[in-house]
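Visitor: Next comes the sequence, and after it the predicted model I'd like to discuss.
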Amino acid sequence: MADAALRLKSLVEQLLGVPLPVRIRAWDGSQAGPPDAPALVVRNRRAVRRLLWKPGELGLARAWVAGDLEIEGDLYQALDLMAELVWERGEDARTLVQALRDPKVRAAARGLVKIAGLPLPPAPPREEVRRARAHLHTKRTDRRAISHHYDVGNDFYEIVLGPSMVYSCAYWPAPDATLEQAQRDKLDLVCRKLGLTAGQRLLDVGCGWGSMALHAAREYGVRVVGITLSQEQAAYARKRAADEGLTDLVEIRVQDYRDVADGPYDAISSIGMAEHVGADRYLEYAENLYRLLRPGGRLLNHQIGRRPQRDESSYNVDEFIDAYVFPDGELAPVGTTVTQLERAGFEVRDVEAIREHYGLTLRRWVANLEADWARAVRLAGAGRARVWRLYMAACALSFERNRIGVNQVLVVRTPEGGASGMPLRARTWGG
């Protein structure tokens, strides 16, 4: 009799102590749970073993990346329904031990072990980053982390990002605008906030595939140095600059921000890069950029932020993101970021929260990936494509639900005399 789904549902609900909000469809064809809800498809017993050996987010992620778990129906709805069970329970090892003292919970765990079969833990998918040490953020470890995320293949990123090749939050004039228009509007917003004019020098930290550098050079006539730790990004950006005839204005380097020594620059843009810096290195990052700016120069720091915690020492990096997406990435509350920039000597002139814009951006990226799924799998592999689909969809919901946000912080290296060079009504973003 095909009853694996019903048994799984019953045992998991005993373990969690709450009803499952999604349907389960098991490897034997059986189904159980709310008929109108998305289905969590458990393709084999190996998926159960993964969850037993690593309960919670990482076990689910391993099963998803390996193809042992699928979601049938609306991916966003399924993730939203499961968020409270997986991401928001806040359970640690002590809580798990306490739960296992309950005879009913122990019985449920034994039942899952029986269903799972052989007790040996499956090997993690090859896409998982394996590290033995904590987040060091040395030049070497940062280079490896960036390579893991960005050296996936430029063709793959062309599918996800579209023609703009901008891998950061767009700035939407309306929800139904094109992704390309919204990304162009974001690049232009950064240029206007920086007050760029022809002949100035701009340093673009974490330049990606060169979109900001090219836009600033083409539209504002500035000379740009773009730096990245990704060889693939640098090669792509250099070719774009050559194709547009902008090599006299745009220089792309494979270089760590700590090694830039040819200041001063009139302006610095850092768009979606500071998340890689790490809490222990953030003041060093801010001080380096301060040093590279001329007096009166502006820095635009575009950065994802998280909600503050009552006890900041309890902050832990998201397991799935750390293992599969952004190794060593760390998020900080916007207040912490502002404080560190001020400690480095900057005057903070404007903070703009654009959280909703990232939800729109991520949903477009997911749609791009899904629309060309077969080619994405050929280019990057099924596991990698599954990683990107899950992380972008989950992040879209996190931005929409205010679990994380994104902020543009404009700061100035204000001279001792106090003349910031900012317009009286800065939000017009004139020169």
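Guide: Everything's here; your move.
Visitor: Show me how far stretch 394-407 is from its chain's centre.
Guide: Relative to its chain's centre, stretch 394-407 lies at 10 Å (C-alpha atoms, centre = their mean, to the nearest Å).
Visitor: repeat for stretch 117-131
Guide: With C-alpha atoms, centre = their mean, you get 23 Å for stretch 117-131.
Visitor: Could you give me the buried positions within stretch 254-267?
Guide: Q255, D256, Y257, V260, G263, Y265, D266, A267 (16 or more other C-beta atoms under 10 Å). The way it works is simple: take the backbone N, C-alpha and C, and place the C-beta from them, glycine included.
Visitor: roughly how far apart are R307 and R349?
Guide: Distance, R307 to R349, by C-beta to C-beta, to the nearest Å: 24 Å.
Visitor: Likewise for D311?
Guide: 31 Å.
Visitor: Neighbour count for the two, which is higher?
Guide: R349 (16 against 6; other C-beta atoms under 10 Å).
Visitor: any idea how far that one is from E312?
Guide: In this view, R349 and E312 are 26 Å apart by C-beta to C-beta.
Visitor: Over to L300?
Guide: 26 Å.
Visitor: more crowded one of those two?
Guide: Neighbour count, other C-beta under 10 Å: between L300 and E312, L300 has more, with 21 against 11.
Visitor: That one against K193, yeah?
Guide: Yes. Counting by C-beta atoms under 8 Å, L300 touches K193, with 5.3 Å between them.
Visitor: Spell out which residues are contacts of both of the two.
Guide: Taking C-beta atoms under 8 Å, 6 or more residues apart in numbering as the contact rule, L300 and K193 both touch Q408, L410.
Visitor: S269 contacts L202, correct?
Guide: Yes. If you go by C-beta under 8 Å, S269 and L202 touch, sitting 6.6 Å apart.
Visitor: check contacts around G73.
Guide: Contacts of G73 by C-beta under 8 Å, 6+ apart are A37, P38, A39.
Visitor: switch to 6 Å and redo it
Guide: Going by C-beta atoms under 6 Å, 6 or more residues apart in numbering, G73 touches P38, A39.
Visitor: try E319
Guide: E57, L58.
Visitor: I'd like the distance between it and V129.
Guide: Shown here: E319 relative to V129, a distance of 11 Å by C-beta to C-beta.
Visitor: Least confident secondary structure element in this protein?
Guide: helix 93-99 (a mean of 47; mean pLDDT, DSSP states H and E).
Visitor: and stretch 258-278, how far apart are its ends?
Guide: End-to-end distance for stretch 258-278: 14 Å, by C-alpha to C-alpha, to the nearest Å.
Visitor: again with stretch 245-258
Guide: Using C-alpha to C-alpha, the two ends of stretch 245-258 sit 29 Å apart.
Visitor: Make 11 the starting number, not 1.
Guide: Let's use 11 as the start, then, which means that last one is stretch 255-268.
Visitor: Show the average pLDDT along it.
Guide: What stretch 255-268 shows for mean pLDDT is 97.
Visitor: try stretch 388-400
Guide: Regarding stretch 388-400, the rounded mean pLDDT is 95.
Visitor: How about it, which residues are buried there?
Guide: By 16+ other C-beta under 10 Å, the buried positions in stretch 388-400 come out as L389, A390, G391, A392, G393, R394, A395, R396, V397, W398, R399, L400.
Visitor: One more: stretch 376-391?
Guide: Those would be V376, N378, L379, A386, V387, L389, A390, G391, for stretch 376-391 by 16+ other C-beta under 10 Å.
Visitor: and the closest residue to K64 other than its chain neighbours, what pLDDT?
Guide: Spatial nearest neighbour of K64, excluding adjacent residues (C-beta to C-beta, 6 or more residues apart in numbering): R72 at 6.6 Å. Residue-level confidence at R72 comes out at 95, pLDDT.
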